[in-house]
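Novice: sequence plus the predicted model coming up.
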Amino acid sequence: MSNSEQLLLDFQTHMQSNPLPTRRSLGVADKTIKGYAYDLSIFLRWWELVHTVKLDIEHLKNNPSLFNKKKLQDFLTWLETDRKYTASTILRHAASLRSFSGYLIAIEIIHHYPTLGL
């Protein structure tokens with residue numbers, strides 16, 4: 001299993017026992033977890049395509065500022081222009097990225113909020 005695949009699995013596990021940023025109750029519906037994991041897998045593939053390196057925990061530990069608002073905006077723009085996604089689908093991807101950012105903050109990989117205002 002690659003480090004990127006492990007990152008995706010760890011994120012899914014985290015979502016099962018932690019609330020979403022906009023919810024107070026613990027845990028997330030299985031359908032939401034699968035959707036967010038799918039969205040994140042698209043983001044990770046985009047990252048590798050654009051940056052020619054896989055995004056994983058070690059990569060982020062060494063340089064947490066790589067995961068920043070500009071790159072997230074670039075990804076969402078790519079979804080719109082290259083993938084022709086609808087606004088509602090892009091908003092769901094943004095929600096997935098917010099949840100993933102919260103996960104990275106929770107496990108102390110990043111200490112900034114790259115999705116603030118996204």
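Specialist: Received the coordinates, thanks.

Novice: longest single helix anywhere in the protein?
Specialist: Among all segments of the chain classified by DSSP state H, the helix with the greatest residue count is helix 30-51.

Novice: run the chain-centre distance for that one.
Specialist: 7 Å (C-alpha atoms, centre = their mean, to the nearest Å).

Novice: do stretch 59-66 as well
Specialist: The answer for stretch 59-66 is 14 Å, by C-alpha atoms, centre = their mean.

Novice: can you list the residues that contact that stretch?
Specialist: For stretch 59-66, contacts defined as C-beta atoms under 8 Å, 6 or more residues apart in numbering pick out 3, 53, 55, 67, 104, 109-112. Where C-beta positions appear, they are placed from N, C-alpha and C, glycine not excepted.

Novice: Throw together a ChimeraX command that grabs the buried residues out of those residues.
Specialist: Command for ChimeraX that selects the buried part of the contacts of stretch 59-66, burial taken from 16 or more other C-beta atoms under 10 Å:
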select :55,67,104,109,110
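
Novice: restricted to helices, list the contacts of stretch 59-66.
Specialist: Short answer: the contacts of stretch 59-66 in helices (DSSP H) are 3, 104.

Novice: for the contacts of stretch 59-66, could you give me JSON lines that also reports pLDDT and distance to Ile90?
Specialist: Listed next are those as JSON lines, based on pLDDT from 0 to 100; distance: C-beta to C-beta, whole Å:
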{"residue": "Asn3", "pLDDT": "81", "distance to Ile90": "27"}
{"residue": "Val53", "pLDDT": "89", "distance to Ile90": "25"}
{"residue": "Leu55", "pLDDT": "89", "distance to Ile90": "20"}
{"residue": "Phe67", "pLDDT": "92", "distance to Ile90": "19"}
{"residue": "Leu104", "pLDDT": "94", "distance to Ile90": "21"}
{"residue": "Ile109", "pLDDT": "93", "distance to Ile90": "25"}
{"residue": "Ile110", "pLDDT": "93", "distance to Ile90": "22"}
{"residue": "His111", "pLDDT": "92", "distance to Ile90": "27"}
{"residue": "His112", "pLDDT": "92", "distance to Ile90": "22"}
